[in-house]
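Asks: Build me a model from this:
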Amino acid sequence: MRSVQPGPGASLAARWPRLTLAVVVGLGLLATVVLQNLPPPDHRSVGRTPVVQAVLSDPETPAVGPSGAPVTVVVFTDVQCPICRASEPALQRLIRSNPRVRVLFKDWPVLGPASRLAARYALAAQRQGRYHELHRALMQSPPPETPDAVEQIARRAGVDWPRLVADLERDGARIDAQLDRQGFQAWTLGLVGTPDYLVGTDLYQGGLDDRALARAVKRAGG
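Replies: Sure thing, here's the model as predicted:
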């Protein structure tokens with residue numbers, strides 16, 4: 001019997017998981033280097049203004065943590081932003097370790113259509129209570145540029161994909177309005193790019209590592 005040698009496509013398919021892992025690791029290392037070499041984030045107190053109240057009281061904003069937590073952290077983020085991705089692990093560690101903190105996620109897709117694509121699917125996942133799971137998975141994967149790429153990430157994160165598609169089709173206009181509203185909130189706070197953190201009434205523009213986040217939360221009473 002003549003043996004059939006696998007073609008180049010089969011060889012690439014066999015190597016794909018390793019290639020994907022290499023891309024993720026490479027992006028993570030690059031983002032970490034960038035974060036470590038940035039100047040300290042800009043910090044200013046903004047007070048409890050109507051603008052801040054609007055940011056905090058938007059009922060459609062995805063949130064993680066106790067509703068009565070003493071400190072609220074609001075993060076404006078973009079899935080394609082390298083500094084957002086580098087800062088995300090510190091934010092997740094804060095969520096896991098500090099029950100006195102509640103985190104609100106404001107998707108602000110400033111880096112183009114791929115960012116908005118991911119943000120729309122993440123907010124659609126909120127309809128099944130899986131926003132945070134999909135958000136974390138998106139931040140840990142190469143930024144997706146197509147619905148098929150989002151689907152692979154979403155399924156690995158335990159998201160019900162058919163329901164997600166149906167929710168997005170039904171609520172697409174509402175999700176777009178939410179993204180536009182969050183962009184307006186960022187503009188009224190004077191933000192110019194991601195990531196940004198509103199911790200209590202203090203605004204930080206730039207990435208925050210574990211130490212900087214801990215200081216910000218302590219300053220806010222956490």
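Asks: CA atoms for contacts and neighbours, from now on please.
Replies: OK.
Asks: what's in contact with stretch 193-207?
Replies: Under the criterion C-alpha atoms under 8 Å, 6 or more residues apart in numbering, residues 35, 40-48, 52, 71-78, 81, 83-84, 86-87, 108, 110, 191, 216-217, 220 lie in contact with stretch 193-207.
Asks: go with 6 Å
Replies: Under the contact criterion C-alpha atoms under 6 Å, 6 or more residues apart in numbering, stretch 193-207 has outside partners 41-47, 71-77, 83-84, 87, 220.
Asks: Filter those down to just the buried residues.
Replies: 41, 71-77, 83-84, 87, 220 (16 or more other C-alpha atoms under 10 Å).
Asks: All the strands of the protein, residue numbers only.
Replies: 42-45, 63-64, 71-77, 101-107, 196-199, 202-205 (DSSP state E).
Asks: neighbouring strands for the shortest one, and are they parallel or not?
Replies: It stands for strand 63-64. Strands adjacent to strand 63-64 in the sheet, as given by DSSP bridges, are strand 101-107 (antiparallel).
Asks: Okay, angle between the strand it pairs with and strand 71-77 too, please.
Replies: Here the directions of strand 101-107 and strand 71-77 differ by 20 degrees (axes from the mean of the first three to the mean of the last three C-alpha atoms, to 10 degrees).
Asks: What lies in contact with strand 101-107?
Replies: The list of residues contacting strand 101-107 from outside it, by C-alpha under 6 Å, 6+ apart, reads 62-66, 69, 71-77.
Asks: try it again with 7 Å
Replies: 61-67, 69-78, 95, 119, 179, 182, 222 (C-alpha atoms under 7 Å, 6 or more residues apart in numbering).
Asks: Kindly report the same for stretch 49-57.
Replies: Looking at stretch 49-57 with C-alpha under 7 Å, 6+ apart, the contacting residues turn out to be 185, 188.
Asks: So, low pLDDT: which residues of this protein?
Replies: Scanning the chain for pLDDT under 70 picks out the ranges 1-41, 222.
Asks: Would you map the helices across it?
Replies: Using DSSP state H, the helices of the chain run over residues 8-36, 50-57, 82-97, 113-125, 131-140, 147-156, 161-188, 210-219.
Asks: Comparing those, which comes out most buried?
Replies: For these, ranked by mean neighbour count under the definition mean count of other C-alpha atoms under 10 Å, the leader is helix 113-125 at a mean of 23.
Asks: For Ala114, which residues are in contact?
Replies: With contacts taken as C-alpha under 7 Å, 6+ apart, Ala114 has the following neighbours: 144-145.
Asks: what about His135, distance to Ile83?
Replies: His135 sits 15 Å away from Ile83, taking C-alpha to C-alpha, to the nearest Å as the criterion.
Asks: got it, and Ala69?
Replies: As judged by C-alpha to C-alpha, Ala69 and Ile83 stand 26 Å apart.
Asks: And Ala220, by the same measure?
Replies: For Ala220, the distance to Ile83 (C-alpha to C-alpha) stands at 23 Å.
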